[in-house]
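Peer 1: predicted structure and sequence below. I'll ask about it afterward.
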Amino acid sequence: MKIVVIGGTGLIGSKVVEKLRAQGHDAIAASPASGVDTLTGEGLAAALADASVVVDVSNSPSFEDRAVMAFFETSTRNLLEAESFAGVSHHVALSVVGTDRLPDSGYFRAKLAQETLIRNGPIPHTIVRATQFFEFLGRIAQIDSKATAVTLSPAYIQPMASDDVAAAVADAAAGTPAYGVVEVAGPERVRLSEIVQRLLRAKDDSRRVIPDLHARYFGAELDDRSLVPGAQARIAATRFEEWLVR
């Protein structure tokens, strides 16, 4: 089965391509580097010819409110139009657990707009909402960072390894459309401020993490429900300490 992975050269996309090829699928990594640009539509028709499934794990190069909204709305519209013309039978998109609970965040508003376009579009779909990647925690540590300290929310998160995210996306792509959301999460529920402190210590980073209930996460304040999955989520196996060792 031909499966085109938009954003297929990035952290998650490259792993999805690898896993799909290991399953025997004809997985194609599509990105601007390969001549496929979802913002302009360049290369989409050729890339999607004879494809059965399209997986979108692309992300906006800018998280500024207007730019990120423009990215997800434009790229998703272009993708769905090209898929409809090519006869694609399944659209899989990677999103974020909590997307519908953080309207104060421009990034999460844009992801919700993407999800809405997919739900209302013509292509059978599966939306995979994942929790934060372990690999992303270092970037989170830069949100409100000073020379000696980082200020972060103590809200609960349930982070996971990028390998496990990619496995869930690949399984969705090889399966039948869910016509809705599938959640995936890590095995441990921990406080954001706590796990980032553990990461910094493991990297011999001397910065101290200061918990602050009002610290913003991509523009939004968090509570203990904001970023954690529901009871039906698929739970990945890799624990944080195992990932650190790797």
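Peer 2: In hand now; what should we look at?
Peer 1: next up, phi/psi of Asp37, please.
Peer 2: phi -120, psi 110 (degrees, to the nearest 10).
Peer 1: now for the helix ranked longest in the chain, which elements pack on it?
Peer 2: Longest helix in the chain, counting residues (DSSP state H): helix 65-86. Where contact means 3 or more CB pairs under 8 Å, 6 or more residues apart in numbering; DSSP states H and E, helix 65-86 is packed against helix 44-48, strand 53-56, strand 90-96, helix 106-120. In short, each C-beta sits where N, CA and C put it, glycine included.
Peer 1: show me what the second one pairs with in its sheet, parallel or antiparallel.
Peer 2: Here strand 53-56 is paired, per DSSP bridges, with strand 2-6 (parallel), strand 90-96 (parallel).
Peer 1: which one of these lies nearest to Leu199?
Peer 2: strand 90-96 (19.4 Å; CB to CB).
Peer 1: which residues sit against that closest one?
Peer 2: 12, 52-57, 76, 79-80, 83, 108, 111, 114-115, 118, 121, 123-132, 165, 169, 172-173, 176-177, 181 (CB atoms under 8 Å, 6 or more residues apart in numbering).
Peer 1: quick one: it to helix 65-86, angle?
Peer 2: 160 degrees (axes from the mean of the first three to the mean of the last three CA atoms, to 10 degrees).
Peer 1: how many degrees apart are strand 90-96 and helix 106-120 in direction?
Peer 2: 160 degrees.
Peer 1: buried among the contacts of strand 90-96? Make that a PyMOL selection.
Peer 2: The PyMOL command for the buried members of those (criterion: 16 or more other CB atoms under 10 Å) is given here:
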select buried, resi 12+52+53+54+55+56+57+76+79+80+83+108+111+114+115+118+121+123+125+126+127+128+129+130+131+132+165+169+172+173+181
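Peer 1: quick check: phi and psi at Ala29.
Peer 2: Dihedral angles (degrees, to the nearest 10) for Ala29: phi -90, psi 120.
Peer 1: residues touching it, list them.
Peer 2: By CB under 8 Å, 6+ apart, the neighbours of Ala29 are Val5, Gly8, Thr9, Gly13, Ser14, Val17.
Peer 1: same thing but at 6 Å, please
Peer 2: Applying CB atoms under 6 Å, 6 or more residues apart in numbering to Ala29 gives the contacts Val5, Gly8, Thr9, Val17.
Peer 1: save those residues as JSON lines, and put in secondary structure, distance to Ala215 and neighbour count too.
Peer 2: Output for the contacts of Ala29, formatted as JSON lines (DSSP: H, G, I helix; E, B strand; the rest coil; distance: CB to CB, whole Å; neighbours: other CB atoms under 10 Å):
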{"residue": "Val5", "secondary structure": "strand", "distance to Ala215": "34", "neighbour count": "30"}
{"residue": "Gly8", "secondary structure": "coil", "distance to Ala215": "34", "neighbour count": "28"}
{"residue": "Thr9", "secondary structure": "coil", "distance to Ala215": "33", "neighbour count": "14"}
{"residue": "Val17", "secondary structure": "helix", "distance to Ala215": "36", "neighbour count": "24"}
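Peer 1: same list (those) but as JSON lines, adding distance to Ile210.
Peer 2: Listed next are the contacts of Ala29 as JSON lines, based on distance: CB to CB, whole Å:
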{"residue": "Val5", "distance to Ile210": "39"}
{"residue": "Gly8", "distance to Ile210": "38"}
{"residue": "Thr9", "distance to Ile210": "37"}
{"residue": "Val17", "distance to Ile210": "40"}
